[in-house]
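**Q** Return atomic coordinates for the entry below.
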Amino acid sequence: QVQLVESGGGLVQAGGSLRLSCAASGRTFTSYAMGWFRQAPGKERDFVATISWSGGSTYYADSVKGRFTISRDNAKNTLYLQMNSLKPEDTAVYYCAARPGRYGSRPWEYDYWGQGTQVTVSS
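**A** Below is the predicted model of the structure:
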């Protein structure tokens, strides 16, 4: 089992940047592919980005491609999401998640979830 704790959310103006972190504890971090998802009020949880266990492969939702960057530091057991050129439509609670094996974009493929961190982008 792995425990995940997100941090780094907050309020930012449109065009600004934020960096989210997700600290993992428990079982070996490198056993898991990782992902970021987000959920706006009244909407389903959407895929944002995912990364393989080694960090060598990444995949992004079209809505964030070119603006967001997912990365991981396996020595620190930490996952990151660098968010640039933020837009009001990026406002949501952001969750990190872990799954054994191959990285993926579907929420039901992930076994472990953090509690989420709020990102609010003002216009």
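
**Q** which residues does Val93 contact?
**A** By Cβ atoms under 8 Å, 6 or more residues apart in numbering, the contact set of Val93 is Gly9, Arg38, Gln39, Ala40, Gly116, Thr117, Gln118, Val119. To be clear about C-beta, it is placed using only N, CA and C from the backbone, and glycine gets the same treatment.

**Q** can you do 10 Å?
**A** Counting by Cβ atoms under 10 Å, 6 or more residues apart in numbering, Val93 touches 6, 9, 37-41, 45, 115-120.

**Q** and the residue nearest to it when sequence neighbours are not counted, how many neighbours?
**A** Nearest residue to Val93, sequence neighbours excluded (Cβ to Cβ, 6 or more residues apart in numbering): Gly116, at 4.2 Å. By other Cβ atoms under 10 Å, 18 other residues sit near Gly116.

**Q** Cross-check the contact I'm expecting between Gly116 and Gly9.
**A** Yes - Gly116 lies in contact with Gly9 (Cβ atoms under 10 Å); the separation is 8.2 Å.

**Q** which neighbours do the two share?
**A** Residues touching both Gly116 and Gly9 (Cβ under 10 Å, 6+ apart) are Ala92, Val93, Tyr94.

**Q** Go through those and say which is closest to Ser71.
**A** Within these, proximity to Ser71 (Cβ to Cβ) peaks at Tyr94, which comes in at 14.9 Å.

**Q** Help me confirm that the closest one comes into contact with Met83.
**A** Yes - the pair Tyr94 / Met83 is scored as a contact, 8.7 Å apart, by Cβ under 10 Å.

**Q** Settle it for me: which of these two has more neighbours?
**A** More crowded of Tyr94 and Met83, by other Cβ under 10 Å: Met83, with 26 against 23.

**Q** And that one, how far from Arg45?
**A** Distance of Met83 to Arg45, computed by Cβ to Cβ, to the nearest Å: 17 Å.

**Q** same check, this time on Tyr32
**A** 18 Å.

**Q** neighbour count winner among these two?
**A** More crowded of Tyr32 and Arg45, by other Cβ under 10 Å: Tyr32, with 26 against 17.
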